[in-house]
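**Q** Below: sequence and its predicted model.
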Amino acid sequence: MINRNSIIEFLKGVKVEWKTLGEVAEIYGGLTGKTKADFDNGNMPYISYKNIFDNIEVNFNELETVQIADSENQHEVKYGDVLFTGSSETADEAGMSSVVTTRFKEKVYLNSFSFALRFNDGIELLPEFSKYLFRSHFMRCEISKTASGVTRFNISKLRFKKIRIPIPPLYVQTEIVRILDTFTELTAELTAELTAELTARKKQYDYYRDKLLTFKDNEVEWKTLEEVFNIFAGGDVPKGALSEKESEQFNIPVLSNGIEDKSLYGWTNIPKINKPSLTISARGTIGWANYQEKPFYPIVRLLVLTPKIEVNLKYTYYFMKYIENDYKVPKSGIPQLTKPMIKDKLIPIPPLEKQVRIVKILDRFDALTNSLTEGLPREIELRQKQYDYYRNLLLNFPKVEDK
């Protein structure tokens, strides 16, 4: 069992050498002299900026190609090299690392906007250890300090070479890799299991929803949306009564098109719609339906439906979700929904008691699916925080001056 005390005990008394990157490695750059045309029909593989940024170890299944002649003198990437992105829009994201942990025979090159470290002979640093070391919190802090700029931050190679790194004994590196690989595998397994569970629940939900909301022509009464609802479009933004943040005074949401939080435009103190209703996104995420139980203020690009006959509004919401991908929009111009485009859409109206029964069943499935949808990223985030904590603990070697 991996725990904090066992890690502290394991690291106690470990002798670690601290060296600057300039002492232990050489820096080389990426491709030079390349034009856009060279990347259109390439003959040689290269590692892209995105491959480095997204992965702590290079993904050799995502190599891209570039045109390179036999006469060119370009740096080739080798096993054990640590690759870095040369710049970013923020200092915190500049110099992201990815390590070559795969042995390969073919020639592979490095993207123009990147650079690499190649450790000198005799420097015992496992590539599998390097992939964790250079993504650790303290190393990321040191690397970001070497970046400077205004709209784009570039790594200074001169400052970069002065960064000091720990070089623990090989047996310590091996054990750290084993522990962190275990956490990585556990996180991947958890993600796969929760994702599979969520997919299964969604399929189950879709099956029962389709079954419950499919009716024969003579089984229920069919009405047009205009017969069931008052349909109108949202208006202008409330003038002089709008706030970007919710407060005691401004606590009525102003809603436009968009899914969930993305539909929130701001906050007002005017409850234009103060009874339960449905909304349909008329632009962007066309057709996305939502059930509005609390007061709100609709603005442009949002259609509002309030019932004008006796129906279970939640039932109508589930049916509108069921058909939200079926709307036909113009192929030319700006895609949008309008009242004339939806008013003749048919909706089945079973007896009220059956509407209530359908809602109860779908509410249960909806709650279960939503709990999994919300719980999945939260559970993964907690596991990631646990991983980050142990990675930083394992790589927090004392420097000589810290004693």
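**A** Yep, that arrived.
**Q** How far off centre is stretch 141-159?
**A** 25 Å (C-alpha atoms, centre = their mean, to the nearest Å).
**Q** quick one: contacts for residue 366?
**A** Applying C-beta atoms under 8 Å, 6 or more residues apart in numbering to residue 366 gives the contacts residue 205. Backbone N, C-alpha and C define where each C-beta goes, glycine included.
**Q** For residue 359, see how far away it is.
**A** 10 Å (C-beta to C-beta, to the nearest Å).
**Q** any weak-confidence spans in the chain?
**A** 1-3, 330-334, 400-403 (pLDDT under 70).
**Q** try it again with 80
**A** Within the chain, the ranges that satisfy pLDDT under 80 run 1-13, 217, 260-261, 284-285, 327-335, 369-381, 398-403.
**Q** can you pull out the helices in it?
**A** For the chain, helices defined by DSSP state H occupy the ranges 4-11, 21-24, 49-54, 127-133, 137-145, 157-160, 170-212, 225-228, 313-322, 339-342, 352-394.
**Q** thought residue 174 was touching residue 126?
**A** Yes - here residue 174 reaches residue 126: they are 7.0 Å apart, a contact under C-beta atoms under 8 Å.
**Q** who's more crowded, these two?
**A** residue 126 (17 against 14; other C-beta atoms under 10 Å).
**Q** what pairs with the nearest residue to residue 253 once chain neighbours are set aside across the strands?
**A** In space, and not counting its chain neighbours, residue 253 is closest to residue 296: 5.0 Å by C-beta to C-beta, 6 or more residues apart in numbering. Beta-bridge partners recorded for residue 296 (DSSP bridges): residue 273.
**Q** got a list of what residue 296 touches?
**A** Contacts of residue 296 (C-beta under 8 Å, 6+ apart): 252, 253, 254, 255, 271, 272, 273.
**Q** Which of those residues fall within strands?
**A** 252, 253, 254, 255 (DSSP state E).
**Q** Distance to residue 395 added to those, as JSON lines?
**A** JSON lines is the format used below for the ones in strands among the contacts of residue 296 (distance: C-beta to C-beta, whole Å):
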{"residue": "252", "distance to residue 395": "50"}
{"residue": "253", "distance to residue 395": "45"}
{"residue": "254", "distance to residue 395": "47"}
{"residue": "255", "distance to residue 395": "47"}
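**Q** Tell me how many other residues surround residue 42.
**A** Neighbour tally, residue 42, other C-beta under 10 Å: 16.
**Q** Distance check, it against residue 355.
**A** Going from residue 42 to residue 355 by C-beta to C-beta gives 60 Å.
**Q** picking that back up, make a ChimeraX selection of the buried ones in the contacts of residue 296.
**A** With 16 or more other C-beta atoms under 10 Å as the criterion, this ChimeraX line picks the buried residues out of those:
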select :252,253,254,255,272,273
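**Q** Spatially, which two of the contacts of residue 296 are the most separated?
**A** With distances taken as C-beta to C-beta, the most widely separated pair in the contacts of residue 296 is 255 and 271, at 12.1 Å.
**Q** got any residues that touch both of those two?
**A** With C-beta under 8 Å, 6+ apart, residue 255 and residue 271 have common neighbours 296, 297.
**Q** who are the neighbours in contact with residue 349?
**A** 220, 221, 222, 223, 228, 311, 355.
**Q** what about 10 Å?
**A** Contact analysis of residue 349 by C-beta atoms under 10 Å, 6 or more residues apart in numbering lists 215, 220-223, 227-228, 309-312, 315-316, 319, 355.
**Q** same deal with residue 47?
**A** 30, 55, 58-60, 62-64, 77, 81, 83, 98, 100, 108-111, 114, 116.
**Q** mind running it again at 7 Å?
**A** 58, 63, 77, 83, 108, 110, 111 (C-beta atoms under 7 Å, 6 or more residues apart in numbering).
**Q** Out of the residues you listed, the closest to residue 142 would be?
**A** residue 83 (17.2 Å).
**Q** Is the closest one in contact with residue 51, as I believe?
**A** No - with contact defined as C-beta atoms under 7 Å, residue 83 does not reach residue 51; the gap is 8.5 Å.
**Q** my read: residue 137 touches residue 392, true?
**A** Yes - the pair residue 137 / residue 392 is scored as a contact, 4.9 Å apart, by C-beta under 7 Å.
**Q** quick one: stretch 385-397 to chain centroid distance?
**A** With C-alpha atoms, centre = their mean, you get 23 Å for stretch 385-397.
**Q** Apologies, that question was intended for stretch 4-21.
**A** Taking mean C-alpha positions (C-alpha atoms, centre = their mean), stretch 4-21 and its chain are 34 Å apart.
**Q** please begin residue numbering at 35 from this point
**A** New numbering, starting at 35: the last item is stretch 38-55.
**Q** which residues touch that stretch?
**A** Residues outside stretch 38-55 that contact it (C-beta under 7 Å, 6+ apart) are 151, 194-203, 206, 209, 424, 427-428, 431, 433-434.
**Q** Filter those down to the buried ones.
**A** The neighbour-count criterion (16+ other C-beta under 10 Å) marks 151, 194-195, 197, 199-202, 206, 209, 424, 428, 431 among those as buried.
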